[in-house]
Every structure is written in C-alpha cells, then in structure tokens.
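*Asks:* pasting the sequence and the predicted model now:
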Amino acid sequence: METFERKVYEKLASWKESSQGSTALLIEGARRVGKSTIAEEFGRRNYASYMLVDFSKAPDDVLDYFVDLRNDLDAFFMYLSSFYGVELHRRDSLIIFDEVQLYPKAREAIKQLVADGRYDYIETGSLVSIRENVKDILIPSEEESIRLNPMDFDEFLWALGEKPLSTLIADSFKKRRPLPDSLHRKAMRLFREYMLVGGMPQAVSKYVETHDFSKVDNVKRNILRLYRQDISKHGGSDRIRITRIFDNLVGQLSKKEKKFNITSLGKEAKTRDYEDAFFWLSDAFITNDCFNSTDPSVGLSISEDHSTVKCYAADTGLLTTLALADSEQTGSNLYRDILLERIE
C-alpha cells in the first residue's frame with residue numbers, strides 16, 4: 001500500500017524533539033487507520049535504524065523475552081536485535097511495539113525500557129483501553145498518547161496530487177475570499193469524492209490506483225467485516241448491544257434530528273443499558289458521540305446530558321458503504337449517480 005503524507009508526522013517529530021527519550025508514544029486509532037505504516041515511516045525517516053515488533057505475529061520466544069529477560073536489558077536487546085536482524089544504535093534507534101494491546105506485558109515494560117534510556121519507543125494499538133487489554137498490568141506513566149483519525153480532506157487531496165488546491169482552499173478560508181468558480185466546482189467535486197471514499201488509507205490507496213468506486217467499496221466492506229469480528233471477539237457481554245448500535249447508525253443519522261433513539265432498538269431498551277456499548281464503539285474509534293449540553297458555555301461537560309446522543313461514524317466512506325450494504329456488492333454506477341447528485 002502506498003505511504004501517504006499525513007499531518008500526524010508533525011506530532012511525532014514534536015514528541016521526539018521534546019521527549020528526548022523520556023517518554024514512549026502510544027498511537028491510538030481504529031483498525032486499518034494507518035498506525036503501523038506511520039510508525040514505520042517515521043522510524044525510517046528519523047533514525048539510523050528501527051525495529052518493528054508485531055505482536056500479532058511475534059512467536060512465543062519473543063514474548064518470553066519480556067518476562068525472562070526483563071531484569072537483564074543487555075540480554076533483552078541482544079536477543080531482540082538478533083531475532084529481528086536489526087542493529088540498534090544508542091539514542092538513534094526506534095523500537096515499535098505494533099498492536100501492543102495483544103501483549104499487555106510489553107506495554108507494562110515501557111516504564112523500565114524508557115528509564116533505561118537507550119532507545120525511543122512508539123506503541124500502536126486499537127482497543128487499548130478495554131478491560132481485557134489492561135487487566136493485571138500497570139499502565140506506564142512514561143507513556144504519552146495521540147489519536148490517529150482517518151485521512152482528512154487535506155490529506156485526501158495530497159494523495160490525489162492536489163496539494164496546490166489544498167493550500168489555496170486554506171488560504172481562501174483564512175482571508176475570507178471565495179475561490180474562482182471553476183476551482184470551487186473542482187473542490188466541491190473532489191469533496192464529494194472524499195465523502196464517498198472516506199479516509200481509510202487502504203480505501204484511498206485503491207481509489208488513487210483505480211478510480212473505481214466498486215473496488216474501493218470492496219476494501220471498505222473488508223474493514224467493516226473486521227470491525228464486526230472485533231465486536232464479536234472483544235465486545236464481551238455487551239457485544240449484542242454494540243452490534244445493534246453499529247447496525248443502526250445509518251438509520252438513526254438519516255432522521256431529521258439525527259438523535260439516536262434507543263427505543264428503536266427494542267421496546268424495553270433503556271439508555272443506561274446501552275451506555276457501555278456506546279463507550280465501546282467510541283473507545284474503538286469506530287464512532288464519534290455527540291452529547292447534548294443544556295448550558296452551552298465554558299465547561300460543556302458540566303451540563304452534558306448522556307440521555308441525548310448523536311452517534312456518528314468516524315469515517316464517512318465506511319458510513320456510505322454501511323448505507324449501501326443491502327446487496328453483496330455496490331457497483332460504480334450507483335456511486336457515480338451519488339457523486340453527480342442524481343440520487344441522494
């Protein structure tokens with residue numbers, strides 16, 4: 001998959017400069033949002049070497065290093081370096097713990113590894129806050145975290161080779177000056193494309209490669225399938241409620257008020273019974289929740305009303321595919337009709 005320019009690189013560079021090895025950085029975000037790719041690209045650009053420890057693939061031998069060699073870091077790094085075939089340089093190497101939620105002991109070890117001071121550390125993870133992924137470990141205070149969202153419209157334009165247009169839009173907004181009509185029409189057409197494709201890097205990559213909405217739709221369906229598998233595997237006792245909310249996102253947002261009506265999930269459904277399910281989806285970065293505030297002044301959370309919520313999908317492209325998921329595949333013609341505003 002193509003590596004795209006992302007705004008988050010500036011945050012990574014700022015962390016490296018300010019931290020100087022005193023903290024590790026946790027990149028949180030939804031599945032398939034590009035966390036691993038960004039961590040690797042940052043390591044490639046900014047260090048003499050980097051090592052990727054992918055806990056979705058790491059064998060038991062590697063996992064055992066975090067237990068057996070925790071008190072002998074010289075041996076720990078020697079074995080790790082030998083296994084991955086990466087030469088580590090003091091204060092000029094980055095070690096990436098990819099999908100760290102799959103092996104919480106590695107996250108707990110960050111405290112000791114940062115204190116050792118030899119290398120920099122980036123962790124990537126999804127669902128890092130759910131109970132099973134933090135159970136029986138001490139969350140390191142030496143850990144900073146940032147959230148990675150899907151690609152925004154600027155990043156989408158960059159991927160399409162339209163960075164000059166992105167810069168012009170920003171300049172026009174800053175100066176409160178309208179774009180010329182021809183450029184405005186072009187910008188709006190590309191924005192409609194963005195709304196349909198979304199910002200998941202795999203979907204954007206497929207669109208850049210093919211400009212075929214049908215092929216992009218297949219990519220997005222695979223991501224949605226992965227999300228459903230995560231709900232089944234990690235949703236625990238709330239997985240049925242989580243699935244009901246997930247399946248009802250489109251219908252709820254199609255209403256005039258867009259307020260999520262809990263009673264539509266069942267006659268006996270109550271808001272308090274679904275609070276954990278809403279939190280799970282939000283914590284997995286699959287949705288963004290918007291709660292009603294009865295006093296719109298400083299400190300909105302003080303008057304936040306959790307009984308009134310609007311639940312948005314975190315990515316517009318995935319929401320589009322959810323809306324068109326009645327058939328097994330959505331053809332390019334339907335997407336094109338939406339793009340040309342022949343149908344809404």
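*Replies:* Yes, it's here.
*Asks:* touching the top helix by length along the chain from outside, list them.
*Replies:* Ranked by residue count and defined by DSSP state H, the top helix of the chain is helix 213-234. Identification of contacts with helix 213-234 by C-beta atoms under 8 Å, 6 or more residues apart in numbering yields 30-32, 126-127, 130, 132, 196-198, 200, 202-203, 206-207, 210, 239, 242-243, 246, 280, 284, 286, 317-318, 320-322, 324-325, 329-332, 335-336, 339. For glycine as for every other residue, the C-beta is placed from the backbone atoms N, C-alpha and C.
*Asks:* what helices and strands are in contact with the helix or strand following it?
*Replies:* Per DSSP states H and E, the first helix or strand lying C-terminal to helix 213-234 is helix 239-247. Applying 3 or more C-beta pairs under 8 Å, 6 or more residues apart in numbering; DSSP states H and E, one finds that helix 239-247 makes contact with helix 213-234, helix 271-283.
*Asks:* so for stretch 84-97, mean pLDDT?
*Replies:* If you average the pLDDT over stretch 84-97, you get 97.
*Asks:* could I get the buried residue list for that stretch?
*Replies:* Leu88, Ser93, Leu94, Ile95, Ile96, Phe97 (16 or more other C-beta atoms under 10 Å).
*Asks:* ok, now stretch 151-171?
*Replies:* Here stretch 151-171 shows 151, 153-160, 162, 165-166, 169 as buried, counting by 16+ other C-beta under 10 Å.
*Asks:* tell me if I'm right that Trp158 and Leu165 touch.
*Replies:* No. Taking C-beta atoms under 8 Å as the definition, Trp158 is not a contact partner of Leu165, at 9.8 Å.
*Asks:* and Leu190, how far is that from Ser297?
*Replies:* 37 Å (C-beta to C-beta, to the nearest Å).
*Asks:* okay, and which of the buried residues of stretch 151-171 map to helices?
*Replies:* Judged by DSSP H, helices contain the following of those: Phe153, Asp154, Glu155, Phe156, Leu157, Trp158, Ala159, Leu165, Ser166, Ile169.
*Asks:* could I get the residues you listed as a markdown table with pLDDT and distance to Ser18?
*Replies:* Putting those into a markdown table (pLDDT from 0 to 100; distance: C-beta to C-beta, whole Å) gives the following:
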| residue | pLDDT | distance to Ser18 |
| --- | --- | --- |
| Phe153 | 98 | 29 |
| Asp154 | 98 | 24 |
| Glu155 | 98 | 24 |
| Phe156 | 98 | 29 |
| Leu157 | 98 | 29 |
| Trp158 | 98 | 26 |
| Ala159 | 97 | 29 |
| Leu165 | 97 | 33 |
| Ser166 | 97 | 28 |
| Ile169 | 97 | 31 |
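*Asks:* so which of those comes closest to Lys255?
*Replies:* For these, the minimum distance to Lys255 (C-beta to C-beta) is 25.6 Å, reached by Phe153.
*Asks:* what's the closest residue to that closest one other than its chain neighbours in contact with, if anything?
*Replies:* Computed as C-beta to C-beta, 6 or more residues apart in numbering, the closest residue to Phe153 that is not its neighbour in sequence is Tyr194, at 5.3 Å. Residues in contact with Tyr194 (C-beta under 8 Å, 6+ apart) are Phe153, Phe156, Thr316.
*Asks:* a markdown table please, covering those and showing distance to Val8.
*Replies:* Shown next, in a markdown table, are the contacts of Tyr194 (distance: C-beta to C-beta, whole Å):
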| residue | distance to Val8 |
| --- | --- |
| Phe153 | 15 |
| Phe156 | 15 |
| Thr316 | 19 |
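*Asks:* got a list of contacts for stretch 239-250?
*Replies:* Contacts for stretch 239-250 (C-beta under 8 Å, 6+ apart): 227-228, 231-232, 235, 260, 264-266, 273-274, 276-278, 280-281, 286-287, 311-313, 319, 322-323.
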